[in-house]
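Undergrad: my questions are about this predicted structure, shown below with the sequence.
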Amino acid sequence: MAAFEEVGVCPELIKAVEKLDWTLPTPIQAEAVPLILGGGDVLAAAETGSGKTAAFALPVLQIVHESLRARQKAALSDFGAASNGQAASNGGDGQTPTASNCSAPIPPCLLNLEDRDDIVAIAAGGLRCQARGEGTWGGCRATRGASGGKVYFEATVADEGLCRVGWATRFASLDLGTDRHGYGYGGTGMKADNKKFESYGEKYGKNDTIGCLLDCDVRTISFTKNGKALGDAFTQLPTISGGAALFPAFSLQNAELQLNFGETAFKHPPPPGFVGLSNAPSTVSWTECVSRSKCKPLAIILEPTKELAEQTHEQVSVFCKHLASPVVRHALVVGGIKASKQMQSIKDGVDIVTATPGRLMELMEDGKLATDQVKFFVLDEADRLVAERGTRDQVLKMFRYFPQTGGGLARLQVLLFSATLHSPEVRALAASICQNPIFVDLKGKNAVPETVDHVLVRCDPQQDLSWLQTDLAVVTDGCHTLDTIGPEQKTPENWSEAVKRLKQRYLKRVIDSFAMNQCLIFCRTNHDCDNVKRFLESFGGGSGQDKDESEKGNSYSCVVLGGAKSAKDRAEALAAFKAGNARFLVCTDLAARGLDIQGLPYVINMTLPEKSEDYIHRVGRVGRQDTMGLAISLVSTVPEKVWYCTDRKNQKPWEKPDAASTRSIEDGGHTTWYKEQQLLQTVEKRLGSPVAALDEDLSLPPDIAARVAGGSGSEVRYGQQRDGGGFSAEVMERVKAMRPAVQMLAQLEVEAQETFFSLKRRWAAVE
Ligand SMILES: Nc1ncnc2c1ncn2[C@@H]1O[C@H](COP(=O)(O)OP(=O)(O)OP(=O)(O)O)[C@@H](O)[C@H]1O
């Protein structure tokens, strides 16, 4: 296995990993780091806990640092050249020129070759554009935008075809009018903003001249057709400023436009008070905007949850420590925290942003984070990021913001990482945003480390009638509040309620039987998490977050981490669990991915997840870094009716369960029947082997017990590193084989040194 320097990691980053006591790159790091350093797009799939974060963070940091250095060097030499030139023109007095003595004429406003879709051609002279191709829209914008005053330009339709003309910020989609940052008026007599198309003015076509009027003072946009005023099209625009200037913008489909920004006389002069954009006093150039912004990251790392983003950001901070001259500035951009607070941390400049999609998109759309310098787009847990349509669309939209041109190291590199990267959605995404990606698949579909043991507890309420006992304060989800439950009832509803009760009893038994003091308990919903917490609290509970120190040792202390909690509560819960102040983290699948909790011994699934890849990620919280972990799933033998809410308005039907809400979703209600036996089959198929059941007394099956307690001479417990001091059996084997050669080399080294010094002494004596 290669060392970090052999895979190309630079000395500063090696220093950082050595401080973490990392001796060798993990297999995914050894594979992915050189590919990324070599400039490739990479899709990397490797088991949970295999060090994927560093596999992308190290090379990304290294290239970002190299780019910053190159930029710094170029800036220093430019400055040298400029100051030398100035010294000459100032008569050699060496004084730095002031703003007043270096004012240059403002360049004319033209169509921007760098701000257009590929299918848009711009004619020499920069005032005529066309897009050819039936059914395909192409967009472009001008080089100069208005940041104040009353401005005007004209667009004359030079050919048949479809077009929209208007104004947009430089952050808007080039498809004018399809987001919040562009305002267009189309030839079909429609105006468009944020995908809202409404009737406006009249139709226009070949030879018509459209006047585009922007009044930055009252924040309105209006249009004229051949000199005839069509009235206000857009009012109450967001504040227009240097950073959010509005540029002339055009979308065309098989059409051609001739523009006049005011360099020559207009066909139809604008109303009094309006001036041509070329002569307007308050304008900004596109290049000026692009180079002025300090918030111009070179790398964007996208994470599906705030917790993961924080964790990756921390990892990046650790790696950055020894990168100097210049330092790499990195920021966290996540929801749940005031955007203004985050702006504070990025406004002085940022090179790497670790973010969750929603907040990042917001900043990008508001023009607060420039995207024109982005070299890396990393999608960690990529399959999760694209699993939902909304996030997938956001990811694609983001991608369109990034520079798509450039070669070599200037090219945008796209990196997709996950333990489970085999979904069709990921493949479709890769096909649309990656260039010849290399798929590094170290585990295939089965991405769980060998260090995880999988067992199940069969919860059969027809056999085990202990659910009828009332000794424990079991709290179920209320699905069967209206149903008659009892030993004489043989209905599916009875068994469903029974299994809910039984599972909580088993939870307590499992915790006691393994004397667990640190465990992640996965539930299906936030509501289920709260119920499990209430149940555990009935034995003392405690959150470990309270001031009362005595709660820390409580055997059932627990905290909840679920999407329904506030960002602050989630952060506190995770911190309490990581610090060992709460023994149990009761969570939804929000915590299934990426969370890295050192030496976590146990995971309990109160219910199996609907997708087998979520099982892989859940159980991947244990068995990390070669520590042994146990995943215990409580699996119902009978169908269980559960809450299933598909719309946001009816999120809490359990608060007042009634005949309507407890009906199944097919019948207009909010429940569904969950069949865990089927889910178990998909999990087993994914794992490639059956999951063994715990014995009735909840002891481990013998073959598993042997791995952790003496069977193979091992005394390793769950949560501890397996035999081999953190290295896999394969590595240990190679270390053993190489030991004699290394010892011989060390001996030779000693002899060579001794010979050298004795020769040196003799030489000194002769002299
Ligand atoms: N080369 C290495 N040597 C030793 N430890 C390492 C090395 N690389 C990473 N680690 C450690 O391994 C643990 C797991 O790493 P990481 O969180 O990156 O895994 P992952 O593959 O992203 O897992 P998941 O799929 O669950 O997100 C971390 O605690 C990390 O510090």
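TA: Perfect, I can see it now.
Undergrad: helix or strand right after the lowest-mean-pLDDT helix or strand in the chain?
TA: None of the helices or strands of the chain scores lower by mean pLDDT, DSSP states H and E than helix 286-292, at a mean of 62. Per DSSP states H and E, the first helix or strand lying C-terminal to helix 286-292 is strand 299-302.
Undergrad: going on from that next one, what's the next piece of helix or strand?
TA: Using DSSP H and E, the next helix or strand after strand 299-302 towards the C-terminus is helix 306-320.
Undergrad: buried residues in that following helix?
TA: Residues of helix 306-320 classed as buried: K306, E307, L308, A309, E310, Q311, T312, H313, Q315, V316, F319, C320 (neighbour count, 16 or more other Cβ atoms under 10 Å). From N, CA and C alone the C-beta is placed, and that goes for glycine too.
Undergrad: what about that helix and the ligand, touching?
TA: No. For helix 306-320, no contact with the ligand is found by Cβ under 6 Å from any ligand atom; the gap never falls below 7.2 Å.
Undergrad: mean confidence (pLDDT) on that helix, please.
TA: The pLDDT scores in helix 306-320 average 94.
Undergrad: try stretch 359-369
TA: Mean pLDDT, computed over stretch 359-369, is 87.
Undergrad: any weak-confidence spans in the stretch 651-767 of the chain?
TA: 651, 709-715, 723-733, 735-736, 767 (pLDDT under 70).
Undergrad: go again using 80 as the cut-off
TA: Low-confidence segments of the stretch 651-767 of the chain, defined by pLDDT under 80, span residues 651, 653-655, 709-716, 722-743, 746-747, 750, 754, 757, 760-761, 764-767.
Undergrad: and if you look at the stretch 201-350 of the chain?
TA: 239-244, 287-295, 325-326, 336-349.
Undergrad: what are the ranges of the strands in it?
TA: Here the stretch 201-350 of the chain has its strands, by DSSP state E, counting those that start in this stretch, at 209-215, 220-225, 228-234, 247-253, 255-260, 275-276, 283-285, 299-302, 330-333.
Undergrad: the residue of the stretch 301-450 of the chain found nearest the ligand and R621, how far apart?
TA: Of all residues in the stretch 301-450 of the chain, A419 sits closest to the ligand, with a separation of 4.2 Å (Cβ to the nearest ligand atom). Look at A419 and R621: by Cβ to Cβ, to the nearest Å, they are 11 Å apart.
Undergrad: can you list residues touching both of those two?
TA: Common neighbours of A419 and R621, using Cβ atoms under 8 Å, 6 or more residues apart in numbering, are T48.
Undergrad: elements contacting whichever strand or helix holds R734?
TA: Using DSSP H and E, R734 sits within helix 729-766. Applying 3 or more Cβ pairs under 8 Å, 6 or more residues apart in numbering; DSSP states H and E, we find helix 729-766 packed against no helix or strand.
Undergrad: can you list the weak-confidence ranges in the stretch 401-550 of the chain?
TA: For the stretch 401-550 of the chain, the stretches with pLDDT under 80 are 404-411, 443-448, 541-550.
Undergrad: near the ligand, which residues of it?
TA: A419.
Undergrad: would you map the strands across the stretch 401-550 of the chain?
TA: All strands of the stretch 401-550 of the chain, identified by DSSP E, counting those that start in this stretch, fall at 413-418, 438-441, 452-459, 519-522.
Undergrad: would you mind giving these as CSV with distance to Q721 added?
TA: Supplementary listing: these in CSV, determined by distance: least, Cβ to Cβ, whole Å:
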stretch, distance to Q721
strand 413-418, 24
strand 438-441, 26
strand 452-459, 14
strand 519-522, 19
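Undergrad: of those, which is nearest K191?
TA: Proximity to K191 (Cβ to Cβ) singles out strand 413-418 among the strands of the stretch 401-550 of the chain, at 35.4 Å.
Undergrad: quick one: contacts of that closest one?
TA: Contacts for strand 413-418 (Cβ under 8 Å, 6+ apart): 36, 39-45, 52, 55-56, 60, 375-384, 399, 426, 429-430, 433-435, 437.
Undergrad: next, give phi and psi for the closest residue to G186 other than its chain neighbours.
TA: Of all residues not flanking G186 in the chain, R164 sits nearest, at 4.2 Å (Cβ to Cβ, 6 or more residues apart in numbering). For R164, the backbone dihedrals (degrees, to the nearest 10) come out as phi -130, psi 140.
Undergrad: what does the one 4 residues further on give?
TA: The phi and psi values for A168, taken as degrees, to the nearest 10, are phi -160, psi 150.
Undergrad: pLDDT score assigned to it?
TA: With respect to pLDDT, A168 scores 95.
Undergrad: quick check, it in contact with R141.
TA: Yes. Here A168 reaches R141: they are 6.4 Å apart, a contact under Cβ atoms under 8 Å.
Undergrad: who touches both of the two?
TA: F247, A249.
Undergrad: so can I have TSV of the buried residues of helix 306-320 showing distance to F4?
TA: What follows is those, written out as TSV (distance: Cβ to Cβ, whole Å):
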residue	distance to F4
K306	30
E307	28
L308	24
A309	25
E310	25
Q311	21
T312	19
H313	22
Q315	15
V316	17
F319	12
C320	16
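Undergrad: number of residues surrounding F266?
TA: For F266, the neighbour count with other Cβ atoms under 10 Å is 17.
Undergrad: check contacts around it.
TA: Y152, E154, G211, N260, G276.
Undergrad: and with 10 Å instead?
TA: Contact analysis of F266 by Cβ atoms under 10 Å, 6 or more residues apart in numbering lists Y152, F153, E154, T209, G211, G227, N260, F274, G276.
Undergrad: the stretch 501-650 of the chain: helices as residue ranges?
TA: 526-537, 567-578, 612-619 (DSSP state H, counting those that start in this stretch).
Undergrad: among the ones you listed, which comes closest to R180?
TA: Checking these against R180 by Cβ to Cβ gives helix 567-578 as the closest, at 24.5 Å.
Undergrad: what packs against that closest one?
TA: With contacts defined as 3 or more Cβ pairs under 10 Å, 6 or more residues apart in numbering; DSSP states H and E, the packing partners of helix 567-578 are helix 306-320, strand 558-561, strand 584-587.
Undergrad: could I get the buried residue list for that helix?
TA: D569, R570, A571, E572, A573, L574, A576, F577, K578.
Undergrad: ok, the third one to the ligand distance?
TA: Plainly put, A571 is 18 Å away from the ligand if you go by Cβ to the nearest ligand atom, to the nearest Å.
Undergrad: would you confirm that that residue contacts E310?
TA: Yes. Counting by Cβ atoms under 10 Å, A571 touches E310, with 7.8 Å between them.
Undergrad: just to revisit the earlier point, list buried members of the contacts of strand 413-418 by neighbour count.
TA: 36, 40-45, 52, 55-56, 60, 375-384, 399, 426, 429-430, 433-434, 437.
Undergrad: mind listing which of those are in helices?
TA: 36, 52, 55-56, 60, 382-384, 399, 426, 429-430, 433 (DSSP state H).
Undergrad: let's have these in TSV, adding distance to G187.
TA: Compiled in TSV, those are given as follows (distance: Cβ to Cβ, whole Å):
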residue	distance to G187
I36	46
K52	50
A55	51
F56	46
V60	45
A382	40
D383	42
R384	42
F399	29
V426	39
L429	34
A430	37
I433	32
